[in-house]
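>>> have a look; sequence and predicted model below, questions after that.
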Amino acid sequence: MKLYELAHSRTGDKGNISIISVIPFNKNDYSKLKTQLTPECIKEHMSFCVKGDVIRYECDNLPALNFVLYDALGGGVTQSLNLDRHGKSLSFYLLELEID
Amino acid sequence: MENKTIRIGSGAGYGGDRIEPALDLLSQANLDYIIFECLAERTIALANQEKKINPNKGYNPLSLYRFEMILDQYKQKPFNTKIITNMGAANPIALAQEVKQMIHDRGLNLKVAAIIGDDIFDLLDLNLNTIETKEPLSLYKNQLISANAYIGINGVVEALKQGADIIIGGRLADPSLALAPLVYEFGWKMDDYDYLARGTCAGHLLECAAQVCGGYFYDGVYKEVPNLENLGFPYADISSTGDIIISKLESSGGIVNEMTVKEQLLYEIMDPSNYFTPDVIMDISKAYIKEIGHNRVQVSNVYGKAQNEYYKVSCGITDGYMVESEISYGGHHCTVRAQKAIDILSYRLCDLDSPIQYDLIGLNSLYKTPIERTNLKEVRVRVACKTNSNDEAQRIANEVEALYTNGPAGGGGVRKHIQPIVSILSVLVNRDILKEEVIIL
């Protein structure tokens, strides 16, 4: 199943860093997401843009996961040659992830 | 005071935002305050460039229009709402003077304050290392055009104490626009860290305007937004202990629910336990979000810690040119012809030192997945390059245009776009070098 069937997401940016939230529609799916959406898994899935580390923050009460992707925006909004310099569309790529 | 709540509306989420939702809030929402957040990192550097050319400019280009609409409405039906904004950008005093004139022209009596002191260009220590490149600022000495510190609530609180109705600042940090009136109204102290963090959280949720009430949310299938074409802006009711309720007018389009608030709560936050502002460090890692009514969402369990002794300063530097040029191909074998166009450009531009990026819009421009020759009916070639030479930028754009008569069949819709780049480098400066001032007009 695709991640977008279980969760929603929004992307923000800070310089050359992309910040992507993953929020389950149903709280009961949070533990499944926590188990499967490891930083390594996200780094591999987003490897076309992430050159640096991927750090995962957990907000158990919301519940939600927050991924910080370093060196992910081709230099950031003022340097990037990308069409989407802010990387705003990256959330919808992340949601394409296949999960069990 | 126990039961007092303050209602703060959001009038703009970025420099170019719509004005109508702000006017609706002003006439219908019984706001105590409305905030207009209109600056991005780069905007203030561009505004400084503008001010160098004309010392009377350098404020948000839409601000005169916005204030005219607001004051016209006020004249028709006065509202008891104070306005706080960073629309002053590089020149808060000039904008404050313009607004004062508008007030005078309409026969109104409102006090305007300008907050200055964030511009520290003349005080900047060039030996400081930048956060982005870890190199001293002096390396960029000849490119430097501006240096503005992210300042917090102090000036705004002082202006409120002096009775200002309209407060215009420059690089005021986004959430500080909302925190300042709460500190003023509730008498929160600068070491009431939890309260400061909750006020900051309210500001954070409001600062992007529609993004918390249905903007940037509709996903085509799971996340519905009613009446998106009449999307309104949000407001927050904040109690003296920092309890936050986010809401919107029933008459406006959009939606406030747990999902919209969660998305915006985490928006542009790196570590949810440590969100730095000039006023406080906010911790939302344990936050609860609860729908307590139709389009009413409560945010609780936000905590704070003391901020550090530094201000973050955004320095603008001139940084060459960005050229982007595009051409489209349609019909049978369009991706083959588009790829041929890219091959031709790569060959003709191979002597350039600056890296050139080629995209096929419709295929791999957002996500660089490998090119597959699918059954697309149209595809658009995009060429982008950052170069130090305007001539080189022109040459790239012209080569794309030349594909009309020199490239594959059926190419159309060429666009050429060349823009000087202003980049941002950040440094941390000690707080004591900076002096905020309030000027009442």
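It's in. Numbers count the residues shown, from 1 in each chain, chains lettered A, B, ... in the order given.
>>> most proximal residue of chain B with respect to chain A?
residue B:268 (3.4 Å; Cβ to the nearest Cβ). Any C-beta I mention is one placed from the backbone N, CA and C, and that applies to glycine too.
>>> who's in contact with that residue?
Going by Cβ atoms under 8 Å, 6 or more residues apart in numbering or on different chains, residue B:268 touches A:12, A:13, A:14, A:19.
>>> per-residue pLDDT, it?
In this model, residue B:268 is scored at 96, pLDDT.
>>> what does residue B:77 give?
Predicted confidence (pLDDT) at residue B:77: the value is 94.
>>> just checking, it touches residue B:26?
No: taking contact to mean Cβ atoms under 8 Å, the distance of 9.2 Å between residue B:77 and residue B:26 leaves them out of contact.
>>> which of those two has more neighbours?
A side-by-side neighbour count of residue B:77 and residue B:26, using other Cβ atoms under 10 Å in any protein chain shown, places residue B:26 first with 21 against 8.
>>> hmm, residue A:12 is touching residue B:267, no?
Yes: the pair residue A:12 and residue B:267 passes the contact test of Cβ under 8 Å, sitting 4.8 Å apart.
>>> can you tell me the closest non-neighbouring residue to residue 100?
All of this refers to chain A. Excluding the flanking residues, the one nearest residue A:100 by Cβ to Cβ, 6 or more residues apart in numbering or on different chains is residue A:36, at 6.7 Å.
>>> that's the other chain; I wanted chain B
Nearest residue to residue B:100, sequence neighbours excluded (Cβ to Cβ, 6+ apart): residue B:441, at 4.5 Å.
>>> for burial, what's the neighbour tally of the one you found?
Neighbourhood size, residue B:441 [other Cβ under 10 Å]: 17.
>>> list the contacts of it.
With contacts defined as Cβ under 8 Å, 6+ apart, the neighbours of residue B:441 are B:96, B:97, B:100, B:111, B:112, B:113, B:114.
>>> rerun at 7 Å
With contacts defined as Cβ atoms under 7 Å, 6 or more residues apart in numbering or on different chains, the neighbours of residue B:441 are B:96, B:97, B:100, B:112, B:114.
>>> can you flag which of those belong to helices?
The members of the contacts of residue B:441 that map onto helices under DSSP state H are B:96, B:97, B:100.
>>> and of those residues, the nearest to residue B:233?
residue B:96 (23.6 Å; Cβ to Cβ).
>>> my guess is that closest one meets residue B:168, correct?
Yes: in terms of Cβ atoms under 7 Å, residue B:96 counts as a neighbour of residue B:168; the distance is 4.8 Å.
>>> now for those two: what residues contact both?
Shared contacts of residue B:96 and residue B:168, defined by Cβ under 7 Å, 6+ apart, comprise B:88, B:112, B:114.
>>> out of the residues you listed, grab the one that's most surrounded.
Across the shared contacts of residue B:96 and residue B:168, the neighbour count under other Cβ under 10 Å reaches its highest value at residue B:88, namely 30 neighbours.
>>> confidence score at the residue nearest to residue B:100?
The score at residue B:441 is 94. That number is its pLDDT.
>>> circling back: pick out whichever of residue B:96 and residue B:168 has more residues nearby.
Each of residue B:96 and residue B:168 had its neighbours counted (other Cβ under 10 Å), and the higher figure belongs to residue B:168 (36 against 25).
>>> lowest-confidence helix or strand of chain B?
Per-element confidence for chain B was summarised using mean pLDDT, DSSP states H and E. The lowest value among helices and strands belongs to helix B:41-53, with a mean of 93.
>>> anything in that one near chain A?
Yes: applying Cβ under 7 Å from any Cβ of the partner chain, one finds helix B:41-53 touching chain A at residue B:42.
>>> with stretch B:283-303 instead?
Yes: when contact is scored as Cβ under 7 Å from any Cβ, part of stretch B:283-303 falls within range of chain A: B:285, B:286, B:287, B:288, B:289, B:301.
>>> so what's the gap between that stretch and the chain middle?
For stretch B:283-303, the separation from the chain centroid amounts to 24 Å (computed by Cα atoms, centre = their mean, to the nearest Å).
>>> using PDB, list the CA coordinates for the strand or helix carrying residue A:31.
According to DSSP states H and E, residue A:31 maps onto helix A:30-36. Coordinates of the C-alpha atoms in helix A:30-36 are reproduced here as PDB (Å, rounded to 0.1, in the frame of the first residue of the first chain):
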ATOM      1  CA  TYR A  30       1.300   5.800  14.000                       C
ATOM      2  CA  SER A  31       3.300   2.800  15.500                       C
ATOM      3  CA  LYS A  32       3.300   1.100  12.100                       C
ATOM      4  CA  LEU A  33       4.700   4.300  10.500                       C
ATOM      5  CA  LYS A  34       7.200   4.700  13.300                       C
ATOM      6  CA  THR A  35       8.500   1.100  12.700                       C
ATOM      7  CA  GLN A  36       8.700   1.400   8.900                       C
END
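>>> can you get me the start-to-end distance on stretch B:384-403?
With Cα to Cα, to the nearest Å as the measure, the first residue of stretch B:384-403 is 16 Å from its last.
>>> what comes up buried for stretch B:213-222?
Within stretch B:213-222, the residues that qualify as buried by neighbour count (16 or more other Cβ atoms under 10 Å in any protein chain shown) are B:213, B:214, B:215, B:216, B:217, B:218.
>>> dihedrals phi and psi, the first one?
Looking back up the chat, that one is residue B:213. As for residue B:213, its main-chain torsions (degrees, to the nearest 10) stand at phi -130, psi 40.
>>> in contact with it, which residues?
Residue B:213 sits next to B:232, B:233, B:234, B:248, B:254, B:255, B:256, B:260 when contact means Cβ under 7 Å, 6+ apart.
>>> let's go with 8 Å and repeat that
The neighbours of residue B:213, taking Cβ under 8 Å, 6+ apart as the test, are B:231, B:232, B:233, B:234, B:246, B:248, B:254, B:255, B:256, B:260, B:295.
>>> swap in the fourth one?
Residues in contact with residue B:216 (Cβ under 8 Å, 6+ apart) are A:10, B:210, B:263.
>>> now rank these by neighbours and give me the top one.
If you count neighbours using other Cβ under 10 Å, the busiest of the contacts of residue B:216 is residue B:210, which has 27 neighbours.
>>> I'd like to know how far the spatially closest residue to that residue that is not a sequence neighbour sits from residue B:87.
By the measure of Cβ to Cβ, 6+ apart, the closest residue to residue B:210 outside its immediate chain neighbours is residue B:231, 5.2 Å from it. Residue B:231 sits at a distance of 21 Å from residue B:87 (criterion: Cβ to Cβ, to the nearest Å).
>>> on that earlier part again, filter the contacts of residue B:216 down to the ones in helices?
Where the contacts of residue B:216 overlap with helices, as defined by DSSP H, the overlap consists of residue B:263.
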